[in-house]
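# Sequence and computational prediction follow.
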Amino acid sequence: MKWKVCGMRETANIEAVLALEPDYMGFIFYPPSPRFVGDDLDENLLKNDFPKSTKKVGVFVNASEAEIRQEIQKYALDVIQLHGSESPELCKAFQNEVEVIKVFGLGKDDFDFSQLNEYENVVDFFLFDTQSKKHGGTGKTFDWNLLNEYQSKKPYFLSGGIAIDNVQKLEEINIPKAFALDVNSKFEITPAMKNVDLLAELKIEIKKLKI
Ligand SMILES: O=C(O)c1ccccc1N[C@@H]1O[C@H](COP(=O)(O)O)[C@@H](O)[C@H]1O
């Protein structure tokens with residue numbers, strides 16, 4: 001199981017988390033978020049000093065193609081995570097340039113997986129997060145059992161309130177295997193500042209998972 005640490009910002013904290021070798025690290029390019037990178041993200045670190053083994057993910061919410069392209073260039077992003085209501089056409093515009101993750105929000109009620117069909121051929125991954133007006137970073141889980149209805153072969157990231165005390169519950173439920181776990185606010189000291197010791201524990205827990 002791969003893992004992604006999202007919502008990073010400060011250089012020293014990024015470097016400390018990189019020592020744990022996550023497969024993906026996410027940066028939020030959405031101004032209303034308390035994890036918005038603003039001017040604090042170290043361009044040189046991302047462009048020149050970043051380990052190849054950790055992919056850099058830019059998280060966007062309904063940004064324009066030009067805005068996304070600008071951040072890809074500036075920070076040498078490997079992956080874009082589209083967390084709003086982006087169209088299949090926008091996803092297609094970045095195919096073959098970066099990996100594309102399209103996010104869908106799930107809640108407690110049934111989810112219509114047929115809305116994924118038009119994205120199937122234009123994205124690399126889906127990501128399932130908890131539905132919210134804030135779009136993400138809620139720290140809340142959704143009903144993981146809803147994923148029982150997932151029929152696609154497209155690999156997906158599982159996100160939304162994943163914490164040290166619920167990660168082992170993934171073994172107890174019968175959902176199609178996730179490609180990666182995406183963690184964020186449940187591993188924070190303050191918004192964007194991650195608790196490195198807790199993430200080290202998570203890494204051990206993920207390795208123990210038999211799914
Ligand atoms: O973290 C944010 O503030 C954020 C804002 C807007 C869109 C996405 C955001 N983060 C993503 O939210 C999920 C889940 O986070 P959490 O574990 O529930 O805190 C994760 O995929 C982040 O990429």
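Yep, that arrived.

# Which positions in this structure make contact with the ligand?
Residues of the chain found near the ligand (CB under 6 Å from any ligand atom) are 6-7, 26, 28, 30, 33, 35, 59, 61, 83, 129, 135-139, 159-162, 182-186. Every residue, glycine included, has its C-beta placed from N, CA and C.

# In ChimeraX, select just the buried ones from those residues.
In ChimeraX syntax, the buried subset of those is picked out as below (16 or more other CB atoms under 10 Å):
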select :6,7,26,28,30,33,35,59,61,83,129,135,136,137,138,159,160,161,162,182,183,184,185,186
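
# Select from the residues of the chain next to the ligand every entry located in strands.
Of the positions in the residues of the chain next to the ligand, 26, 28, 59, 129, 182-183 sit in strands, assigned by DSSP state E.

# give the contact list for the spatially closest residue to K186 that is not a sequence neighbour.
Distances taken as CB to CB, 6 or more residues apart in numbering put A163 closest to K186, at 3.8 Å, once the chain neighbours are dropped. The contact partners of A163, taken as CB atoms under 8 Å, 6 or more residues apart in numbering, are 139, 183, 186-187.

# now, among those residues, which is nearest to I211?
Sorting these by distance to I211 puts V183 at the head of the list, at 16.1 Å, by CB to CB.

# pLDDT score for the spatially closest residue to that closest one that is not a sequence neighbour?
Nearest residue to V183, sequence neighbours excluded (CB to CB, 6+ apart): I162, at 5.0 Å. I162 carries a pLDDT value of 97.

# Same question for L46.
Predicted confidence (pLDDT) for L46: 98.

# part of a helix, is it?
Yes: looking at L46 with DSSP: H, G, I helix; E, B strand; the rest coil, it is inside a helix.

# thought it was touching D78?
No: assessed by CB atoms under 8 Å, L46 is found out of contact with D78, at 10.1 Å.

# quick one, which of the two is more surrounded?
Remark: of L46 and D78, L46 carries more neighbours, 20 against 17, as counted by other CB atoms under 10 Å.

# got a list of what the more buried one touches?
Contacts for L46 were tallied using CB under 8 Å, 6+ apart; they are 27, 56, 75-77.

# if I look at it, how far off is the ligand?
L46 sits 17 Å away from the ligand, going by CB to the nearest ligand atom, to the nearest Å.

# In the protein, where's the longest strand?
Secondary structure of the chain per DSSP E: the longest strand is strand 99-106.

# Which elements pack onto it?
Other helices and strands packing on strand 99-106, by 3 or more CB pairs under 8 Å, 6 or more residues apart in numbering; DSSP states H and E, are strand 79-82, helix 88-94, strand 125-130.
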